Structure formats: structure tokens, C-alpha cells
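K.L.:
Everything below, folded, please.
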Amino acid sequence: MDRETRVFAESHFRGLRGRLPGRVGRTPDRVDFIERPDAFSYADFVKGYLLPNEPCVFSSAFTEGWGSRSHWVTPGGKPDFEYLLRHYGDVVVPVANCGVQEYNSNPKEHMLLRDYISYWREYIQGDYSSSRGCLYLKDWHLCSTPAAASCRSLSQGTPRRKTCSLYPCTSRPTGSMSTGTPWTWMITALSTWGPLAPGQEEALRDCHGGLPYDVTSPALLDSRLYPTRHLCGPPLEVTQEAGEMVFVPSGWHHQVHNLEDTISINHNWVNGCNLANMWHFLQQELCAVQQEVIQWKDTMPDWHHHCQVIMRSCSGINFTEFYHFLKVIAERRLHLLTKGTGPGEVGGGEGAGLGPQQAAFDVGRIAEVLASVVAHPDFQRVDTSTFSPRPEELLQQLEEVIAATVSL
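P.N.:
As a prediction, the model looks like this:
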């Protein structure tokens, strides 16, 4: 990020005056296609898509150097099962059954990758049908496994934030309506997306307040079950070719329909541009939990603590962990600004290329969110006596650095 882009971004958030970016929006008529890497800068991405929270598609030219495009597919563009078996055959992977609905998701099991590939081959030979149903390998955190020595060469970016999914071709969507995989690109095959701008999904809630499992289901035509469906505008439909990347902005609900056997790599992201959205989401999650167990508030010891425990089991994170997440990022940015380099930046590691302008922007966004966290009554009930630094101390550090970097 250069200085001009940082000033632009900071001005953007000042203009929101505390409102969240992209919380309610209009679904655009089309999605921009970014064709040439040499004609598109990070500043272009920040101003055109990241700040306004708009989707776009990057051409396959952006991924030409990714190792996965040469290693994971055959010359004919199909998944290279033999390569995957040689390198990852004994890795245990999570597999979902997309033919079975369990609440608003699919039940999962774990199996060896070689067993899943054996199933996949049988599924193809059976004309894309199996008595076991349609299974897909979903959200495999490849880079957290011992077999991940070559993970960095698979794609550019931070390897620990990548997940991989392998999808057999299906005649219906394999994904449920969710806020899942913002950075996704397909190594093979085609994929049709139906992104829906933030806030539009509210019209798709059923009479019980739940979101639909499948937005292509005929049940959505039942006005008694979905009384506000007619208020939802048409979703975008994007066909993603092999090697292309789709940027799905924060808060955009979407559903995937795989048209061929597909391998995808996903980068789930959070940065200064959507950090406030993440904090808002966590507050909503806590409120939902509290409403569910409100009848025990006066009789359950440590009711507020138990709400945080339940929230973590549902969302994977609670207020305490969110603070530690902010702390880790804040300390890296502070280190870069005060020492001139950040942890992991030597030798092209994690954080490489992060400059002082980006770090200063992030510090400002973290400080704004942390101030809200510290003031939240439920966070004030959290025992922070063992936190180092204490939340108020970290906030003071951030504010001091912000004051010192105004002229940066």
C-alpha cells in the first residue's frame, strides 16, 4: 500500500462515521473481469473492490506461476489423481456428504485421501452416481499437515490461511448458502456462483428466521414458508473458468454449482477493511446465544462465561480469542513500524511485502475495533488479569503509534 492509497482508505472509513461498510447493499448487474496483472495494481484493488466491498474475477493470467496449476492437473486439465496419491495419499481429510442435510450443512466424516480418490474414481465410472451419495472433500487445511512441505509452491500468499477442496462433478449445488470462501480459484473445471450482496439474504429467511439450505430449491416458491422471498433481487451468476480467481467480498452469501470435476484453493481473509465487520458478526453471535439461554440467566452461575463457551463452540471463536487475534496482528504491525521490519518478513516469509503504509492503516483500524471491544460490557466481564499486555495497555500503544505516524 502506498501513501496515497492509505490516505484514500482512511478517508473512506472516516466517511462511514461508525457505520459498517457493506452491511446492506444492492447486488450489481455484473461482476468485473480483471484480465491483465500488469495493468492492475494493489491500489486498484483496494479502491475498486476491497473498500466498496464489491466482487470481481481475476483471469487465469494471475495464477500462471502457481505450482498447483502444473502439479495437480493432467495435461488435459483433469485432476491428477496419481500426483495427489503420491504426495498426500496417507493424509486424513474431511469429507462431507452433500446429498444429506444436517441442520443447515452437510454431515462430515474423515478418511484417507487415497480412499476418497478411490471413491471419486468409482463415482466417475458409475456415470457420476454412487450408492454412497455425492461426497466432496471440503475445507482440507492442507498446509497444517506433515505432507505440506510443498504447500508454499501451490499458490502465492500466506499458506496457513489456505484450504483445499476437491469436488466431483454434480448435477446440483454442492455448497449450502453460507459466507464461506471469499478467495477461491479453480484449478480445473467450471463453477457457477450466485453471490448476493450483504443484507439481501434477509429476504430469503423462512418463517422461522432461518436461511435456506439450497437457494435453488422449489420450496423457496412457497410464500407461506418464505414470506419475503419476493423482496430479494436476483443473485449474480458467475461462471468461473479453470485457473481464475473469484473475490467474494465480506458478508456476501453465495452457493456453488460445480460443472466438472473440480479442485479449489480458498483463502479466507480478514484485514483492516473488514475487521469491523468481523467484530460486528461476533457481537451478533453472542446476542443470539444469549437469547437462546436467557431463561437460565438468573439461575446459572457464571451465565455470561457459559455464553462465551457456547459461542466458541458455534462460531469457533469468542471474545477472549478475538482479543488475542487482534493482539497478534497489532504487535506485528507495531514491530514493523517501530523496528522497520516485522516477524516473518526476512527471506520472503509471512508478511513479506507489508510496508509501513499498510501497517499504519492496519494499526488505525485495529485501534478503532479494539476501543469498541474494551468498551463492550460482555468483554468487561472477561477476566483479563493474565493478558499481556492488558487490552487497555495495547490500545494505548496503538494510539501512541497512530499519533506518531500521522505524517508518515
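K.L.:
which residues in the stretch 251-400 of the chain form helices?
P.N.:
For the stretch 251-400 of the chain, the helices defined by DSSP state H, counting those that start in this stretch cover 275-292, 303-315, 319-339, 356-375, 377-380, 391-404.
K.L.:
Verify the contact between residue 49 and residue 43 for me.
P.N.:
No: shown here, residue 49 and residue 43 do not form a contact pair, counting by C-beta atoms under 8 Å, at 11.3 Å. Bear in mind the C-beta positions are built from the backbone N, C-alpha and C, glycine included.
K.L.:
shared neighbours of those two, which are they?
P.N.:
Overlap of the contact sets of residue 49 and residue 43 (by C-beta atoms under 8 Å, 6 or more residues apart in numbering) is empty.
K.L.:
still on that earlier bit, now the helices of the stretch 251-400 of the chain in JSON lines, with mean pLDDT?
P.N.:
Shown next, in JSON lines, are the helices of the stretch 251-400 of the chain (pLDDT from 0 to 100):
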{"stretch": "helix 275-292", "mean pLDDT": "94"}
{"stretch": "helix 303-315", "mean pLDDT": "94"}
{"stretch": "helix 319-339", "mean pLDDT": "94"}
{"stretch": "helix 356-375", "mean pLDDT": "96"}
{"stretch": "helix 377-380", "mean pLDDT": "97"}
{"stretch": "helix 391-404", "mean pLDDT": "95"}
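K.L.:
Minimum distance to residue 94: which of these has it?
P.N.:
helix 303-315 (17.6 Å; C-beta to C-beta).
K.L.:
how big is the angle separating that closest one from helix 275-292?
P.N.:
120 degrees (axes from the mean of the first three to the mean of the last three C-alpha atoms, to 10 degrees).
K.L.:
Check which helices and strands helix 303-315 sits against.
P.N.:
Applying 3 or more C-beta pairs under 8 Å, 6 or more residues apart in numbering; DSSP states H and E, one finds that helix 303-315 contacts helix 275-292, helix 319-339, helix 377-380.
K.L.:
quick one: furthest residue from the center of the protein?
P.N.:
For the chain, the residue at maximal distance from the C-alpha centroid (C-alpha atoms, centre = their mean) is residue 299, at 37.7 Å.
K.L.:
how close does it sit to residue 306?
P.N.:
If you measure residue 299 against residue 306 using C-beta to C-beta, to the nearest Å, the figure is 12 Å.
K.L.:
and what of residue 53?
P.N.:
34 Å.
K.L.:
Look at these two and report which has more neighbours.
P.N.:
Between residue 53 and residue 306, residue 53 has the larger neighbour count (other C-beta atoms under 10 Å), namely 20 against 15.
K.L.:
In this structure the more buried one contacts residue 276, no?
P.N.:
No: between residue 53 and residue 276 there is no contact under C-beta under 8 Å: 11.6 Å.
K.L.:
Neighbours of the closest residue to residue 51 other than its chain neighbours, how many?
P.N.:
Once flanking residues are discounted, residue 51 sits nearest to residue 12: 5.0 Å by C-beta to C-beta, 6 or more residues apart in numbering. Residues near residue 12, counting by other C-beta under 10 Å, number 16.
K.L.:
As a check, name the ranges of all helices in the stretch 101-250 of the chain.
P.N.:
113-125, 151-154.
K.L.:
Between those helices, which one is closest to residue 77.
P.N.:
helix 113-125 (14.7 Å).
K.L.:
What are the contacting residues of that closest one?
P.N.:
Residues outside helix 113-125 that contact it (C-beta under 8 Å, 6+ apart) are 81, 84-85, 88-93, 95, 129-130, 132, 134-135, 137, 166, 168, 261.
K.L.:
Alpha carbons of that helix, as CSV, please.
P.N.:
Listed next in CSV are the C-alpha coordinates belonging to helix 113-125 (Å, rounded to 0.1, in the frame of the first residue of the first chain):
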residue,chain,number,x,y,z
LEU,A,113,-7.2,-39.2,0.8
ARG,A,114,-6.4,-42.4,-1.1
ASP,A,115,-9.8,-43.8,0.0
TYR,A,116,-11.5,-40.6,-1.2
ILE,A,117,-9.8,-40.7,-4.6
SER,A,118,-10.8,-44.4,-4.9
TYR,A,119,-14.4,-43.3,-4.3
TRP,A,120,-14.1,-40.4,-6.7
ARG,A,121,-12.8,-42.8,-9.5
GLU,A,122,-15.7,-45.2,-8.9
TYR,A,123,-18.1,-42.2,-8.9
ILE,A,124,-16.9,-41.2,-12.3
GLN,A,125,-17.0,-44.7,-13.7
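K.L.:
mean confidence for that helix?
P.N.:
For helix 113-125, the mean pLDDT works out to 92.
K.L.:
Distance of residue 75 relative to residue 241?
P.N.:
17 Å.
K.L.:
Distance to residue 114 for the helices of the stretch 251-400 of the chain - can I get that in CSV?
P.N.:
Listed next are the helices of the stretch 251-400 of the chain as CSV, based on distance: least, C-beta to C-beta, whole Å:
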stretch, distance to residue 114
helix 275-292, 37
helix 303-315, 32
helix 319-339, 35
helix 356-375, 42
helix 377-380, 46
helix 391-404, 47
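K.L.:
right, so of those, which gets closest to residue 6?
P.N.:
helix 356-375 (4.4 Å).
K.L.:
What is that closest one packed up against?
P.N.:
helix 3-16, helix 275-292, helix 319-339, helix 391-404.
K.L.:
TSV please, covering those helices and showing distance to residue 379.
P.N.:
Listed next are the helices and strands packed on helix 356-375 as TSV, based on distance: least, C-beta to C-beta, whole Å:
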stretch	distance to residue 379
helix 3-16	22
helix 275-292	10
helix 319-339	5
helix 391-404	8
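K.L.:
In contact with the closest residue to residue 109 other than its chain neighbours, which residues?
P.N.:
Using C-beta to C-beta, 6+ apart and skipping the chain neighbours, the partner closest in space to residue 109 is residue 95 (5.6 Å). Contacts for residue 95 (C-beta under 8 Å, 6+ apart) come out as 108, 109, 110, 111, 116, 135, 136, 137, 138.
K.L.:
make it 7 Å
P.N.:
108, 109, 111, 116, 135, 136, 137 (C-beta atoms under 7 Å, 6 or more residues apart in numbering).
K.L.:
Of those, just the buried ones, ChimeraX syntax please.
P.N.:
In ChimeraX syntax, the buried subset of the contacts of residue 95 is picked out as below (16 or more other C-beta atoms under 10 Å):
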select :116,135,136,137
